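Participant: Show me how the following folds:
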Amino acid sequence: MINISTPPSPRALKPVLSTRQLNMIAIGGVIGAGLFVGSGTAISAAGPAVLLAYIGVGAVVFLIMRMLAELAVASPDSGSFATYATRAFGPWAGVTVSSLYTYSWVVVIGFEATAGAAVVHGFFPAVAPWAAALVFILVFTLTNLVSARAFGEFEFWFALIKVVAICAFLVIGALAIAGALPGTDAPGLSNLAGHGFAPHGWQPVWLACLVVFFSFFGAESVTIAAGEAKQPAAAVRRAMRSVIVRIMIFYVGSVAVVVTLIPSDSKDIAAGPYGAVLARLGVPHATAIVDVIVLTAVLSLLNSGMYSSSRMMFAAARRSELPAALGGLTARGVPANAVLAASSGGFLTVVADYFFPTDSVFLFLLQSSGTIGVAVYLFIALTQIQTRRRMSKSAAQELPVRMWGFPYLPALVVLVLLGIVAGLAFDEGSQRSLALSGLATAVALIAGVIRQLRKPTPLAQPLEEDPNLPSPPVATGA
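Facilitator: Numbers count the residues shown, from 1 in each chain. Model (predicted):
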């Protein structure tokens, strides 16, 4: 372990992330490799009707982010929804949420390093995948060890590249749809309706909702970064307001371009819809361009995953829910031990790539974390409901950001999330992942209950009566 202070300590996370960086962190959390690659699977399965899946799931995720914004703007914290769960339900909930979220990201870090290494190996066959993965892990471990500002700057430029790429794709696609590109004719509605809007029926559309849901996971990371923002409440409020706009423009807009320009049953879509569109439009080196963008998205997830999981562990340690050493800080305000713990998944993946010819162990870990996002979002929804329920009417009205339609819309969100779990249970392709993720959730719950029994902590008082919580600012019509 690095020689750093451990709680109790006067050191705290430093507010070094600018509004510019936090806005891009929010955008980067929404735009992942799932958009550039995973969307092809959903389009092939559901046809043009996949647009309804993106709109519907996007609306649900937007409501979840609104619920989280209500909590985060009132009390920005690096532990985010895990800290709020502890306040609402007790330490068992905080331990469960922080453990699940950290475990999910640690596994994803290893996966993203491997995925990025595969792209590099495709460009440079002489570079061994394990070597490229090791370089990625080392670079971003060191980046996160330097300062939160270094993480934020990397994430700013990664997100900017993704945004520029999608905007360029939308412009090129719109011109092609209008028949304004040289050598192209306007496709009209032939691809959208020529083979039926839902050519394989509506069940594949529902199953596509499951794929779409997991591609949105990561939008919540901005509330974790808020703990180190210069203007946390304002930045989170602004970022959360624009979530639905980004989802509609980047996801729905770009997928609409794909299904309008290419038949959904095209074999090229499953391999990579964006590269397929650009190649069909005659864009030179289309595959290589998309590969570079995918590499950017992968590295962005690796970077943000290391940051988010390390801050989640740090906050849990400060709540005495994880070993105290993980709550220590360097003079720069970096939870170095937590960063090293977060990067462990990546380093173990590199070792596995080098020594073991089979990926069965890593596949098991990836499947066991695959549906944890549903559990995390379910905890966020339940935490918001419980927190608001314990507030007085006057305290709720003073919140700077409020969830709409309480308690009906939050209850609807909970039902939809439970419906997603039911859908996974009936989908043969998802049953193994659901079972393994359920096992991981059960282990986290048991750990939380043990922590609660060993060191019970009283629930937080209602917000307006809790002397340890800041008074929420007066509402501004958010």
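Participant: Let me know how buried residue 248 is, in neighbour terms.
Facilitator: Residue 248: 15 surrounding residues under other C-beta atoms under 10 Å. Using the backbone N, CA and C atoms, a C-beta is placed for each residue, glycine as well.
Participant: from what I can see it touches residue 57, true?
Facilitator: No - here residue 248 lies out of contact with residue 57, judged by C-beta atoms under 8 Å, at a distance of 11.8 Å.
Participant: in what helix or strand does residue 158 lie?
Facilitator: helix 148-177 (DSSP states H and E).
Participant: ok, residues contacting whichever helix or strand comes after that helix?
Facilitator: Once helix 148-177 ends, the next helix or strand along the chain (criterion: DSSP H and E) is helix 190-193. Residues outside helix 190-193 that contact it (C-beta atoms under 8 Å, 6 or more residues apart in numbering): 48, 259, 260, 261, 262, 263, 264.
Participant: would CSV of these with neighbour count be doable?
Facilitator: Output for the contacts of helix 190-193, formatted as CSV (neighbours: other C-beta atoms under 10 Å):
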residue, neighbour count
48, 25
259, 22
260, 21
261, 22
262, 20
263, 17
264, 28
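Participant: Residue 83: which of the residues you listed is nearest?
Facilitator: Nearest to residue 83 among these: residue 259, at 41.2 Å, using C-beta to C-beta.
Participant: and the closest one, helix, strand or coil?
Facilitator: Counting by DSSP: H, G, I helix; E, B strand; the rest coil, the backbone at residue 259 sits in helix.
Participant: Show the contacting residues for the residue sitting nearest the centre point of the chain.
Facilitator: The centre of the chain sits closest to residue 218, judged by C-alpha atoms, centre = their mean, with a distance of 0.9 Å. Neighbouring residues of residue 218 by C-beta under 8 Å, 6+ apart: 28, 29, 30, 32, 301, 304.
Participant: 10 Å instead, please
Facilitator: 25-26, 28-32, 34, 105, 108, 300-301, 304-305, 308, 373 (C-beta atoms under 10 Å, 6 or more residues apart in numbering).
Participant: Just to be sure, it is in a helix?
Facilitator: No - secondary structure of residue 218 (three-state DSSP): coil, not part of a helix.
Participant: before we move on, back to that, and the least confident of the contacts of residue 218?
Facilitator: Across the contacts of residue 218, the bottom pLDDT score, 68, is held by residue 29.
Participant: Please state the offset of stretch 393-407 from the chain centre?
Facilitator: 26 Å (C-alpha atoms, centre = their mean, to the nearest Å).
Participant: what does stretch 401-415 give?
Facilitator: With C-alpha atoms, centre = their mean, you get 21 Å for stretch 401-415.
Participant: ok, now stretch 428-447?
Facilitator: On C-alpha atoms, centre = their mean, the centre of stretch 428-447 falls 19 Å from that of its chain.
Participant: What of stretch 302-309?
Facilitator: 10 Å.
Participant: for residue 404, helix, strand, or coil?
Facilitator: Under three-state DSSP, residue 404 comes out as coil.
Participant: List the contacts of residue 256.
Facilitator: Here residue 256 is in contact with 48, 50, 51, 54, 170, 173, 174, 177, 192 (criterion: C-beta under 10 Å, 6+ apart).
Participant: Looks like the second one contacts residue 205 (just checking).
Facilitator: Same thing as residue 50. Yes - with contact defined as C-beta atoms under 10 Å, residue 50 reaches residue 205; the gap is 6.8 Å.
Participant: Next, show the common contact partners of those two.
Facilitator: 42, 197, 198.
Participant: taking those residues one by one, which sit in strands?
Facilitator: Using DSSP state E, no member of the shared contacts of residue 50 and residue 205 falls within strands.
Participant: any idea which of those is closest to residue 334?
Facilitator: residue 42 (38.3 Å).
Participant: Tell me how many other residues crowd the closest one.
Facilitator: Neighbour tally, residue 42, other C-beta under 10 Å: 27.
Participant: give the contact list for it.
Facilitator: 34, 50, 53-54, 204-205, 207-212, 215, 255, 264, 269-270, 273.
Participant: and residue 50 and residue 205? which has more neighbours close in?
Facilitator: Shown here are residue 50 and residue 205; by other C-beta under 10 Å, residue 50 has more neighbours (29 against 22).
Participant: Next, the buried residues of the helix or strand containing that one.
Facilitator: Assessed by DSSP H and E, residue 50 sits inside helix 50-74. Residues of helix 50-74 classed as buried: 50-54, 56-58, 60-74 (neighbour count, 16 or more other C-beta atoms under 10 Å).
Participant: Report the mean confidence score over that helix.
Facilitator: On average, helix 50-74 scores 90.
Participant: How far away from the center of its chain is it?
Facilitator: 12 Å.
Participant: low pLDDT regions in the stretch 51-200 of the chain?
Facilitator: Across the stretch 51-200 of the chain, nothing is flagged by pLDDT under 70.
Participant: so who does residue 291 touch?
Facilitator: Counting by C-beta under 10 Å, 6+ apart, residue 291 has contacts 36, 118, 119, 120, 122, 123, 272, 275, 285.
Participant: can you map out the helices along the stretch 1-150 of the chain?
Facilitator: Using DSSP state H, counting those that start in this stretch, the helices of the stretch 1-150 of the chain run over 19-30, 33, 39-46, 50-74, 80-89, 91-123, 129-146, 148-177.
Participant: if we can go back for a sec, tell me how far the residue nearest to the centre of the chain lies from residue 227.
Facilitator: Per C-beta to C-beta, to the nearest Å, residue 218 is found 17 Å from residue 227.
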